[in-house]
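S.K.: next comes the sequence, and after it the predicted model I'd like to discuss.
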Amino acid sequence: MDEPRPTIAKPADPLELDVTRAKILRAASEVYGAADGRQPSVDDIARAAGVARRTFYRYFPSADSVVKALYTLACAKVLERIQIAVAKEDDAWGKLRASVLSFLDFHSEAGQLLRVLQAEALRPGSLLEAQREAQFGAIAAILDAQIRESQGRRVDPLVLRGLLIAVEGLSNTFLASAKDGQIDRKRAERVMLRIMGATLAFDGGPAPPMPLAE
């Protein structure tokens, strides 16, 4: 009598794994964006994604790990947008303006989710702290390259870091006062361009006007 053949498990479809992971992340972005200060649980995210808890844990060990994945993805997306926008411009002022506008476009689209993620990244001991530092370093390198190319000099790295902290803080301020999920983009553009343009003093372009109180 022939012995039964051992059952060989069918290997997981890598494409299906990517689809499910993306589904969980997309659902998590909606849950965190609407959390209103409450910390969502694994059950909240799994329910929104339409997957079982055991499926969730195949991809993420905790709700915190989902937040880290979302923040990493957000940082990569905004950096990619800035790099593409800067590459399309020829002069230093155009590159600076393009970087600010692409940054604002992303923040307008990400809305309250980005506010939640940035608040978590600023929390002492946050899992997102290292990614925030890496993001600052990457954007500062872009600004530094623009300055060296247009002016033949390098500014103190703390100047660039101070600018990025200011932009991050302004972003949170505009997101906190957003109406129907939309920031006051024109005002944000005027303020950020003034602060960055006046500080870096790019040659070859107009000085950004001082935004006046209404």
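M.R.: Cool, got the structure.

S.K.: all helices of this structure, in order?
M.R.: Residue ranges of the helices in the chain, as given by DSSP state H, are 14-33, 42-49, 53-59, 63-87, 92-110, 112-122, 129-151, 157-176, 185-200.

S.K.: could you tell me the least trusted of those?
M.R.: Per-stretch mean pLDDT for the helices of the chain is lowest at helix 14-33 (a mean of 81).

S.K.: counting contacts, what elements does that one pack onto?
M.R.: If contacts are counted by 3 or more CB pairs under 8 Å, 6 or more residues apart in numbering; DSSP states H and E, helix 14-33 sits against helix 42-49, helix 53-59, helix 63-87, helix 112-122. C-betas here are computed from N, CA, C, even on glycine.

S.K.: and those helices, which is most packed in?
M.R.: Stretch with highest mean neighbour count among the helices and strands packed on helix 14-33: helix 112-122 (a mean of 20; mean count of other CB atoms under 10 Å).

S.K.: now do that one: everything it contacts.
M.R.: For helix 112-122, contacts defined as CB atoms under 8 Å, 6 or more residues apart in numbering pick out 29-30, 32-35, 67, 70-71, 74, 106-107, 126, 128-129, 131-132, 168, 171-172, 175-176, 178, 181.

S.K.: buried among these? Make that a PyMOL selection.
M.R.: Selection of the buried residues among these in PyMOL, burial being defined by 16 or more other CB atoms under 10 Å:
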select buried, resi 29+32+33+67+70+71+74+106+107+126+128+131+132+168+171+172+175+178
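
S.K.: could you provide the helices and strands packed on helix 14-33 in CSV, with additional columns for distance to Ala140?
M.R.: Formatted as CSV, the helices and strands packed on helix 14-33 follow (distance: least, CB to CB, whole Å):
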stretch, distance to Ala140
helix 42-49, 33
helix 53-59, 32
helix 63-87, 11
helix 112-122, 16
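
S.K.: quick one: closest of those helices to Lys186.
M.R.: Evaluated over the helices and strands packed on helix 14-33, closeness to Lys186 peaks at helix 63-87, with 18.0 Å, by CB to CB.

S.K.: nearest to Glu214, out of the helices and strands packed on helix 14-33?
M.R.: Between those, helix 112-122 lies closest to Glu214; by CB to CB that is 23.8 Å.

S.K.: domain parsing for this protein?
M.R.: 11-61, 64-200 (automatic domain parsing).

S.K.: need these in JSON lines with distance to Met210, can you?
M.R.: As requested, the domains of the chain are exported to JSON lines (distance: least, CB to CB, whole Å):
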{"stretch": "domain 11-61", "distance to Met210": "34"}
{"stretch": "domain 64-200", "distance to Met210": "6"}
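
S.K.: closest one to Leu212 among these?
M.R.: Closest among the domains of the chain, using CB to CB: domain 64-200, at 9.2 Å.

S.K.: can you give me the end-to-end span of the closest one?
M.R.: 37 Å (CA to CA, to the nearest Å).

S.K.: how far does it sit from its chain's centre?
M.R.: 8 Å (CA atoms, centre = their mean, to the nearest Å).

S.K.: Glu214: which of the domains of the chain is closest?
M.R.: Across the domains of the chain, closest to Glu214 is domain 64-200 (CB to CB), at 9.0 Å.

S.K.: still on that earlier bit, among the helices and strands packed on helix 14-33, which is nearest Pro208?
M.R.: Using CB to CB, the nearest of these to Pro208 is helix 63-87, at 17.1 Å.

S.K.: done for today, thanks.
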